[in-house]
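In: Please work out how this folds:
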Amino acid sequence: MTVRLKRVYEPREEPDGLRVLVMRRWPRGIRKERVDLWLKELGADLDLLRDWKAGRVTWPERRKRYLDGLRAAAAAAQLAELRELAGGARTVTLLCACKDENECHRSLLRDVLAGHR
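Out: Numbering: from 1, shown residues only. Coordinates of the predicted model:
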């Protein structure tokens, strides 16, 4: 399994494989043909995002709350779907709008898929 990370605003490239949007809300200005699949339950909770942007949560707390949220039934179902799609030699590119992938839920999701969390 190969999982890549990209901002949704970056253009499609051949190595992207299946482009999966992992945001709760559809990003402004993005046409649907730029995304192959939208798994919105794998996006960060909107309350968590508000707290993060307002500076009320640290990265360790954000990471914990996001990973806890993946246990919810809807998120767990979409995570299982993503694992199945990413199985084998298929490349999957996780997309969201965050500028810094080091403090973005898509990096956490990649780690979960790789079995590191």
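
In: Looking at the chain, which helix is longest?
Out: helix 73-86 (DSSP state H).

In: ok, residues contacting that one?
Out: With contact meaning Cβ atoms under 8 Å, 6 or more residues apart in numbering, helix 73-86 is reached by 1, 3, 18, 20, 37, 39-42, 69-70, 92, 109, 112-113. (C-beta placed from N, C-alpha, C; glycine too.)

In: Out of those residues, which sit inside strands?
Out: Using DSSP state E, the members of these that fall within strands are 3, 18, 20, 37, 92.

In: Just the CA atoms of stretch 66-82, as PDB, please.
Out: C-alpha atoms of stretch 66-82 as PDB (Å, rounded to 0.1, in the frame of the first residue of the first chain):
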ATOM      1  CA  TYR A  66      -8.800  13.000  16.100                       C
ATOM      2  CA  LEU A  67      -7.700   9.400  16.700                       C
ATOM      3  CA  ASP A  68     -10.400   8.900  19.300                       C
ATOM      4  CA  GLY A  69     -12.900  10.200  16.700                       C
ATOM      5  CA  LEU A  70     -11.900   7.400  14.300                       C
ATOM      6  CA  ARG A  71     -13.600   4.900  16.700                       C
ATOM      7  CA  ALA A  72     -17.100   6.400  15.900                       C
ATOM      8  CA  ALA A  73     -19.100   4.000  13.800                       C
ATOM      9  CA  ALA A  74     -19.300   6.100  10.700                       C
ATOM     10  CA  ALA A  75     -15.600   6.900  10.800                       C
ATOM     11  CA  ALA A  76     -14.700   3.300  11.400                       C
ATOM     12  CA  ALA A  77     -16.800   2.200   8.500                       C
ATOM     13  CA  GLN A  78     -15.100   4.700   6.200                       C
ATOM     14  CA  LEU A  79     -11.700   3.800   7.500                       C
ATOM     15  CA  ALA A  80     -12.400   0.100   6.700                       C
ATOM     16  CA  GLU A  81     -13.400   1.200   3.200                       C
ATOM     17  CA  LEU A  82     -10.200   3.200   2.800                       C
END
